[in-house]
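Visitor: next input, structure requested:
(2 chains)
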Amino acid sequence: MKPRISMAVSLMLSVSAGTAFAADQCATGKTLEAGKLTIATGNPAYFPWVIDDAPEQGKGFEAAVAYAVAAEMGFESDDVVWVRAGFDESIQPGAKNFDFNLQQFSITDDREKVIDFSLPYYSSAMAVLTTKAVVDAGAEPTLASLKTLKWGAGAGYTAVPVLTDLVAPDSDALLYNDNTDVTAAIQAGQIDVALFDLPTALYLAAVVVDGGVILGQFPADRMENPDRFGMLMEQDSALKACVDEAIAALTSNGKLAEIEATWLSESTGVPVIK
Amino acid sequence: MANGSAGLTRRQAYERKLRHRSLIIAGGSTLAVVLAIVLLVPLAPGWEKVKYSFFNGEVFIKTFPKLLNAFVLDVAIFAWSVPLIAALGLAIALARDVRNPVLYPLRLFGALYTDLFRGVPVVLVVYLVGFGIPGLGLPRPWNSPYIWGTVALVLTYSAYVAEIFRGGIESVHNSQRNAALSLGLTGQDVMRFVVLPQAIRRVIPAQMNMLIALQKDVALLSFIGPVEIFRQAGVFKSLLANFTPYVVAAAIFLVVTVPATRLADYLITKQNRSRS
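Guide: Prediction:
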């Protein structure tokens, strides 16, 4: 409950204070290195979140959001420093090497006990990736049909609880280290279907998996916890208020939606799972 | 002895006193170290956070039953891998001991096999066999990661086990073979009744160590899908943003590996005693 209240407070702050409390004062002295904003992403960072694993080019959804937030907070793009940090390094007790970390981290109550999340910068539907062979064999975008398939997912993602709670497949799901391994298992025919956030699934189906097909998506309202991506910060980070303020501003002036339209594919064609 | 009624000679009494003293000193120093750790570590400024992340009672209780359940899979993979590894390992070791020139290719194969599989990381073999072979187009259920993961473990571990067996076989002196041959035993019988019984007995402690290593490497199968204890712990870590599930997994592993290690130690000591 607490995080909600703090979110609401920071939202109100950003709305009432608006531009008066203009950007650069807020973050002054609160960053890791004075005058610089250190942002972490994954190693490697995946398409379409970061294009070509080169976040400093500002291409890809998350890279673009990072630069937009930095600009909103009063940092020039030259003042943005990129580092790489995985989830484990982000939740370890002790000093962090970044101001904030964005790599499709889903906001959950359990995680918020240990780390701080910014306001969400993206809400994702979950999508089911499969191959044409499986569809030809009769798989349909209905829960009843999905239950009978052999499932896989990345172990570190919030897709796992969605899978066990919402789909509850008949045979135990197989779990993998990362997206690369999940797609290898699909390709090897060891699993029929896998669960990803929609933009990742669209990319994998189009580019990585031979004969890849998106069977359907779970709309955000079907899930108890829609997958909302937040920027991860050290617990009780002084910077959180500034980041939240920047994201709130980008949301209300439509800039976030604009970046989304630029970098994330159109997802309206994907059937909704019944 | 004249003072037999007292029970101890002066020398024995003196040695007993020395023993007592060293026991007291050993106990005291151990206690001091343990106290220092127990009292000093919590004084470190980050202790509360470390405790929360790694030794979280709430998370422990929440994750223990599921982790124990996942551990059953580790035990199962271990149980069906061991006989396969022992059989293949022994076969490779025997291949390397072949002395008939016609069968030289077999010997060469044994040497190449052990060189290759001892030199390549287990993870690579697990990936290559676990994803690669099913990727060739095997139908279900023959592409199961359980089957090919087991194959990967068996391939790697039998290379190590074969080398240990070979060491044991070579430790049986040649004169014994010659003696057995001169008694009229065939080459096969010499190996079966003279060399192997001694060789296998000699390498049991070393093979115990391989078993302990295998118990932990079973977790590598999680790379290709099976949700065993280490993978389950990883899922909990990710969901709860807490490392305690790994500590729970380690504790469960220790319950099995510590007795196994002690048994190996005991066997080694026993063997050393019987040799000297």
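
Visitor: do you know how far the nearest residue to residue B:50 once chain neighbours are set aside is from residue B:241?
Guide: Closest residue to residue B:50 apart from its sequence neighbours, by C-beta to C-beta, 6 or more residues apart in numbering or on different chains: residue A:93 at 4.9 Å. To be clear about C-beta, it is placed using only N, CA and C from the backbone, and glycine gets the same treatment. According to C-beta to C-beta, to the nearest Å, residue A:93 and residue B:241 sit 11 Å apart.

Visitor: neighbour count: these two, which is higher?
Guide: residue B:241 (22 against 17; other C-beta atoms under 10 Å in any protein chain shown).

Visitor: contacts only, for that one.
Guide: A:91, A:110, A:111, A:113, A:114, A:115 (C-beta atoms under 8 Å, 6 or more residues apart in numbering or on different chains).

Visitor: would you list every one of the strands in the chain?
Guide: All of this is about chain A. Here chain A has its strands, by DSSP state E, at A:37-41, A:80-84, A:100-101, A:116-117, A:122-124, A:126-131, A:151-154, A:174-176, A:193-197, A:212-218, A:227-229, A:232-233.

Visitor: out of these, which gets nearest to residue B:117?
Guide: Of all the strands of chain A, it is strand A:174-176 that lies closest to residue B:117, at 24.2 Å by C-beta to C-beta.

Visitor: is stretch A:169-180 in proximity to chain B?
Guide: Yes. Counting by C-beta under 8 Å from any C-beta of the partner chain, chain B is contacted by stretch A:169-180 at A:172, A:173, A:174, A:175, A:176, A:177.

Visitor: what is the nearest of those residues to chain B?
Guide: Lowest distance from chain B to these (C-beta to the nearest C-beta) belongs to residue A:174, with 3.2 Å.

Visitor: between the contacts of residue B:241, which sits nearest residue B:113?
Guide: Using C-beta to C-beta, these come closest to residue B:113 at residue A:91, 42.7 Å.

Visitor: residue B:56 reaches residue B:237, doesn't it?
Guide: No. Under the criterion of C-beta atoms under 8 Å, residue B:56 makes no contact with residue B:237, lying 11.3 Å away.

Visitor: what does the residue nearest the centre of chain B show for phi and psi?
Guide: The centroid of chain B falls nearest to residue B:212 when counting by C-alpha atoms, centre = their mean (1.9 Å). Main-chain torsions, residue B:212, degrees, to the nearest 10: phi -60, psi -40.

Visitor: show me what contacts it?
Guide: B:257, B:260, B:261, B:264.

Visitor: could you do residue B:144 as well?
Guide: Going by C-beta under 8 Å, 6+ apart, the list of residues near residue B:144 reads A:190, B:134.

Visitor: contacts only, for the residue of the stretch 1-150 of chain B found nearest chain A.
Guide: Distances between the stretch 1-150 of chain B and chain A by C-beta to the nearest C-beta are smallest at residue B:49, namely 3.6 Å. Contact analysis of residue B:49 by C-beta under 8 Å, 6+ apart lists A:93, A:94.

Visitor: what about it, distance to residue A:150?
Guide: Taken as C-beta to C-beta, the span from residue B:49 to residue A:150 is 40 Å.

Visitor: residue ranges with poor pLDDT in the stretch 101-250 of chain B?
Guide: By pLDDT under 70, the stretch 101-250 of chain B contains no weakly predicted segment.

Visitor: closest point of it to chain A, which residue?
Guide: Nearest residue of the stretch 101-250 of chain B to chain A (C-beta to the nearest C-beta) works out as residue B:225 at 3.2 Å.

Visitor: so what pairs up with the spatially closest residue to that residue that is not a sequence neighbour in the strands?
Guide: Nearest residue to residue B:225, sequence neighbours excluded (C-beta to C-beta, 6+ apart): residue A:174, at 3.2 Å. Counting by DSSP bridges, residue A:174 is bridged to residue A:152.

Visitor: could you tell me how many residues sit around residue A:174?
Guide: For residue A:174, using other C-beta under 10 Å, the count is 25.

Visitor: before we move on, the earlier item: could the strands of chain A go into CSV alongside mean pLDDT?
Guide: Compiled in CSV, the strands of chain A are given as follows (pLDDT from 0 to 100):
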stretch, mean pLDDT
strand A:37-41, 92
strand A:80-84, 92
strand A:100-101, 92
strand A:116-117, 90
strand A:122-124, 85
strand A:126-131, 90
strand A:151-154, 91
strand A:174-176, 92
strand A:193-197, 91
strand A:212-218, 88
strand A:227-229, 85
strand A:232-233, 90
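
Visitor: what's the domain layout of chain A?
Guide: A:2-121+A:230-263, A:124-222 (automatic domain parsing).

Visitor: lowest-confidence stretch among those domains?
Guide: Comparing mean pLDDT over those, the weakest stretch is domain A:2-121+A:230-263, at a mean of 82.

Visitor: up against chain B, what does chain A have?
Guide: Residues of chain A lying close to chain B by C-beta under 8 Å from any C-beta are A:87-88, A:91-94, A:108, A:110-111, A:113-115, A:150, A:152, A:155-158, A:160-161, A:172-177, A:181, A:184-185, A:187-191.

Visitor: ok so, going back, got the domains of chain A as a markdown table, with distance to residue B:250 columns?
Guide: Formatted as a markdown table, those follow (distance: least, C-beta to C-beta, whole Å):
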| stretch | distance to residue B:250 |
| --- | --- |
| domain A:2-121+A:230-263 | 16 |
| domain A:124-222 | 18 |
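
Visitor: so which of those gets nearest residue B:152?
Guide: Closest among these, using C-beta to C-beta: domain A:124-222, at 13.7 Å.

Visitor: quick one, what contacts residue 207?
Guide: Using chain A here. residue A:47.

Visitor: my bad, the chain I had in mind was chain B
Guide: By C-beta under 8 Å, 6+ apart, the neighbours of residue B:207 are B:161, B:164.
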